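*Asks:* 3D model of this:
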Amino acid sequence: MNPEHKGRRSRRSSTSRSTAGPDIDILNQDNPIHPPLVQDVMPSVDDGSINVTIDTPDTSRNLAQKHSHFRDHPFEFLREIQMMYSGAGWRAYDNPIGQPVYYTGFTEDMKKAILESQLVDGKIHSLANETVADETGQGFLPADQKDKRRKEVVRQLREVADKNVDNMICKMESKSFIRTAYWLASQVLSRTYHQGIHVSMDEVVTLTNYARKAAEEKQSMVFLPCHKSHIDYVSLQVICYRLGIALPAVIAGDNLNFPVVGSFLQNAGAFYIRRSMGDDKLYPTVVQGYVDTLLRRGYNMECFIEGTRSRTGKLLPPKFGILNFILSSILSGRVKDCLIVPVSTQYDKVIETESYINELLGVPKKKENLYDFLNASSVLSLKMGRVDVRFHEPWSLRNFILKQLERTITIPAAISPDPTTGTEVPEIVLTQDQRVRLLRSLGYKVLSDINACSVIMPTSLIGTVLLTLRGRGVGKTELIRRIEWLKSRIVGKGAKVAHFGGVGTEVVVERGLEVIGDLVGKLDNLAEETYYAVDRFQLSFYRNMVIHLFILEAIVCAAMYTKIKQGGGPANQRISWQQLYDHVSFLSRLFRGEFVFPTEGLLANLHKTLQELEADEVINVVYSPNSVNDVEYVELSPQERERGRENYDFYCFMVWPFIEGVWLAGVAVVGITPPEGKDGPDDGWVDSKRLLDVSQLLGKTLYHQGDLSYFEAVNSQSLKNSFARFASDDILETKGSKTRIRPEWRPRLGPDGKIVMEGKLWELVDKIAVTRREGKNRRDNQTVGTRVLSLAQKLGLGLFAEEEMDAKSEGKKKKKPKKGWLRSMFYTMVPTYTSGD
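*Replies:* Numbering: from 1, shown residues only. Model (predicted):
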């Protein structure tokens with residue numbers, strides 16, 4: 001038995017039990033997780049320590065015990081430091097599952113392998129030959145100097161490549177450093193997230209089994225987490241260290257590579273790449289060479305499938321940059337295979353939400369710096385609940401590729417092993433179109449797996465309920481009732497809700513309200529304590545963590561709303577099958593880049609959703625008397641009407657803010673219809689960033705005037721997604737930093753120079769509008785359309801005026817676009833957001 005473990009068990013049996021939770025010992029490969037991890041349960045104590053709990057049936061486990069404070073327990077505090085310094089027990093990190101990491105010479109070994117790889121060396125000589133040929137062709141280089149010049153260029157390119165590699169690669173050299181880094185990281189996590197980091201025991205066992213098998217076959221595990229916070233990569237590194245799995249090289253943007261912090265992170269496992277590679281011909285090859293080296297040698301990797309942190313709380317569309325490099329390694333045959341591990345990281349509360357709101361409202365993002373990094377220590381005194389990290393079962397990337405391509409191309413048979421070179425893997429040659437489709441399939445497969453293994457946190461339940469009620473607030477009894485209903489619906493869909501050791505919903509809600517803080521207000525001087533949303537914009541971040549589970553129901557209910565809002569009795573509110581199908585199809589296409597939909601197809605998804613809504617007594621589906629398979633119409637069920645449409649309203653409230661966002665984007669696009677005299681085939685261009693700013697200004701104005709129901713509709717992410725959809729549908733076209741309406745989509749101007757409410761683009765905006773939430777100021781569509789459109793056109797004319805100002809300044813050295821009156825007005829509007837909006 002491990003001496004440290006023996007000592008700890010004796011301490012547990014004594015009356016003076018340590019306040020720290022029990023350790024999780026990582027032993028040999030035959031028994032990597034010690035049985036007490038599964039069996040021991042620490043009783044509750046009243047000193048604020050974190051319990052190590054087993055939550056059935058999920059068997060969730062807290063991996064971040066609360067650390068001792070020097071002021072409260074100086075000897076225990078010093079003991080923890082001594083154990084980390086000496087590497088006692090699992091802290092030694094001597095034989096992690098995977099390829100060896102943290103040894104002297106690791107960095108130089110990796111650099112040499114990358115720079116001497118056939119891929120990088122070949123690219124350097126290819127670029128040198130191109131340079132010499134170009135200089136010779138232009139007459140700059142005599143024929144007898146070509147060899148000398150070629151050698152000189154090769155030397156220079158090697159220096160550039162060496163510098164790129166040094167700035168890029170993680171430098172896993174010192175075990176004492178990583179032990180110190182682990183202690184610091186776990187101190188931060190245990191103090192900020194006072195309820196700890198929780199994982200599923202079943203998933204941990206599965207993960208370590210796959211890790212062991214991958215280590216035997218010298219294959220990499222590629223962790224692909226969702227990305228909501230900088231804490232994401234810290235928590236995953238802590239978990240891998242604590243479980244004794246080789247730490248992954250974490251791919252990060254070079255914006256984090258600033259003095260002091262950049263070097264620290266690089267030694268902890270950060271792998272920096274530029275966010276934009278521009279026209280650099282060598283850099284992408286160096287990145288590919290590093291990815292090849294990591295995968296070929298079986299080192300683990302971690303990169304974020306969304307590319308950047310989600311500012312809205314829901315998953316972002318996948319980014320394909322680093323996935324493309326990984327895919328190239330497999331397709332080329334340079335790497336045989338690797339394991340993909342989708343990871344979900346969910347929070348009771350995300351540290352950065354306030355800064356996210358500022359960014360979504362148009363405040364420019366601050367560049368990362370040392371002061372802000374150190375200033376993060378202010379969060380250490382906060383109690384932000386817990387972090388839940390869940391792992392999907394790993395799967396083979398090569399098998400995924402073969403399965404995706406087996407119906408479209410001929411895959412060469414595997415080549416027999418060559419005893420001199422090892423196993424040789426055939427190259428899979430794809431067309432560009434096949435490669436793009438394969439990348440998209442891979443990206444959305446990972447997102448689907450992340451959603452499948454995610455857990456819903458109590459704060460998400462609270463935020464969702466508060467934002468899907470018609471009243472100003474809700475009593476505590478009603479809040480608990482609706483949360484229990486929501487939990488049952490989530491579980492009924494096969495998803496998971498965070499467990500809290502079997503405690504009642506009321507206790508979980510109280511803990512969630514404590515964590516969510518001032519986003520939710522409480523009124524005590526009433527007949528019943530009443531809760532209300534104080535900051536709806538920020539609270540929507542937590543609601544958006546749930547929306548992926550109900551997006552199909554929400555779209556169906558929004559489609560039904562086009563008839564239900566007309567009133568006139570149940571018979572008048574029925575929606576025919578064709579009308580329902582048309583609206584659902586339209587909204588699904590509209591949001592294809594916003595949400596991850598099931599892959600069964602529109603018709604199958606619609607029928608399945610109708611069946612589920614009918615089973616929940618939200619709707620009645622009436623079939624044609626001539627066929628039991630043909631739906632005639634859909635209507636609200638009598639039971640749902642008796643409930644006051646509370647469940648139906650829930651689904652509508654989920655999607656209405658997104659409908660408003662895309663409607664706002666559509667109105668803003670109509671507003672950039674070129675004025676008379678500037679509507680030629682080469683006219684109509686405006687600056688894309690200014691268009692975004694003006695769209696937000698328009699939205700803020702409409703919100704405060706009552707023509708927009710949801711302030712979150714003005715968030716920049718939703719507007720960007722909408723503009724991207726319009727571009728993909730050939731409504732907008734972009735050229736560099738400029739955007740315009742395609743000529744065939746432009747509305748026409750009337751004799752008075754005003755935009756006429758007709759044409760394809762206006763019909764699109766009007767079709768979006770019919771599914772919006774009805775408001776008291778929006779019943780006269782003609783009046784509202786005229787007022788809203790006049791404001792949009794006014795702002796659009798301002799954009800064209802600024803384009804003229806920029807054009808006049810050309811001829812001199814190019815300057816940044818002036819802010820002008822529109823941008824000045826936009827930035828004065830930013831402070832108009834208050835916590836009550």
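
*Asks:* what are the ranges of the helices in the stretch 401-550 of the chain?
*Replies:* Secondary structure of the stretch 401-550 of the chain (DSSP state H, counting those that start in this stretch): helices located at 432-453, 458-466, 476-492, 505-516, 536-543.

*Asks:* Leu664 is nearest to which of those?
*Replies:* helix 536-543 (14.8 Å; CB to CB). From N, CA and C alone the C-beta is placed, and that goes for glycine too.

*Asks:* same for the helix or strand following the closest one, what does it pack against?
*Replies:* Once the chain leaves helix 536-543, the next helix or strand it forms, by DSSP states H and E, is helix 551-564. Contacts defined by 3 or more CB pairs under 8 Å, 6 or more residues apart in numbering; DSSP states H and E place helix 551-564 against strand 575-576, helix 577-590, helix 602-615, strand 631-636, helix 646-671.

*Asks:* right, so those: which one is the most enclosed?
*Replies:* helix 646-671 (a mean of 24; mean count of other CB atoms under 10 Å).

*Asks:* would you check how far apart the nearest residue to Phe223 once chain neighbours are set aside and Lys689 are?
*Replies:* Distances taken as CB to CB, 6 or more residues apart in numbering put Glu302 closest to Phe223, at 4.2 Å, once the chain neighbours are dropped. For Glu302, the distance to Lys689 equals 32 Å [CB to CB, to the nearest Å].

*Asks:* what's the answer for Ser117, then?
*Replies:* 40 Å.

*Asks:* who has more neighbours out of those two?
*Replies:* Ser117 (20 against 12; other CB atoms under 10 Å).

*Asks:* that one - nearest residue in space that isn't next to it in sequence?
*Replies:* Leaving out its chain neighbours, the residue that sits closest to Ser117 by CB to CB, 6+ apart is Gly289, at 4.9 Å.

*Asks:* who's in contact with that neighbour?
*Replies:* When contacts are counted by CB atoms under 8 Å, 6 or more residues apart in numbering, Gly289 touches Ile114, Leu115, Ser117, Leu119, Val120.

*Asks:* could you check how far stretch 730-750 is from the centre of its chain?
*Replies:* Between the centre of stretch 730-750 and the centre of its host chain there is 30 Å, according to CA atoms, centre = their mean, to the nearest Å.

*Asks:* just stretch 195-202 next, same as before
*Replies:* The answer for stretch 195-202 is 21 Å, by CA atoms, centre = their mean.

*Asks:* what mean pLDDT does it get?
*Replies:* On average, the pLDDT along stretch 195-202 is 85.

*Asks:* which stretches of the stretch 201-350 of the chain aren't confidently modelled?
*Replies:* For the stretch 201-350 of the chain, no stretch is flagged by pLDDT under 70.

*Asks:* ranges for the helices of it?
*Replies:* Under DSSP H, counting those that start in this stretch, the stretch 201-350 of the chain gives helices at 201-216, 231-243, 261-268, 283-296, 321-331.

*Asks:* coming back round to it: mind putting the helices of the stretch 401-550 of the chain into a markdown table with distance to Ile273, mean neighbour count and mean pLDDT?
*Replies:* Output for these, formatted as a markdown table (distance: least, CB to CB, whole Å; neighbours: other CB atoms under 10 Å; pLDDT from 0 to 100):
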| stretch | distance to Ile273 | mean neighbour count | mean pLDDT |
| --- | --- | --- | --- |
| helix 432-453 | 17 | 17 | 93 |
| helix 458-466 | 32 | 27 | 95 |
| helix 476-492 | 37 | 17 | 94 |
| helix 505-516 | 35 | 18 | 89 |
| helix 536-543 | 28 | 25 | 93 |
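
*Asks:* distance of Ile731 from Gly475?
*Replies:* Using CB to CB, Ile731 is found at 46 Å from Gly475.

*Asks:* more neighbours: which of these two?
*Replies:* Ile731 (19 against 16).

*Asks:* distance of the more buried one relative to Val662?
*Replies:* Counting by CB to CB, the gap from Ile731 to Val662 is 12 Å.

*Asks:* for Phe658, find the nearest of the helices of the stretch 201-350 of the chain.
*Replies:* helix 231-243 (24.4 Å).

*Asks:* so what does that closest one touch, helix or strand wise?
*Replies:* helix 175-192, strand 197-200, helix 201-216, strand 220-225, strand 249-253, strand 338-347, strand 387-391.
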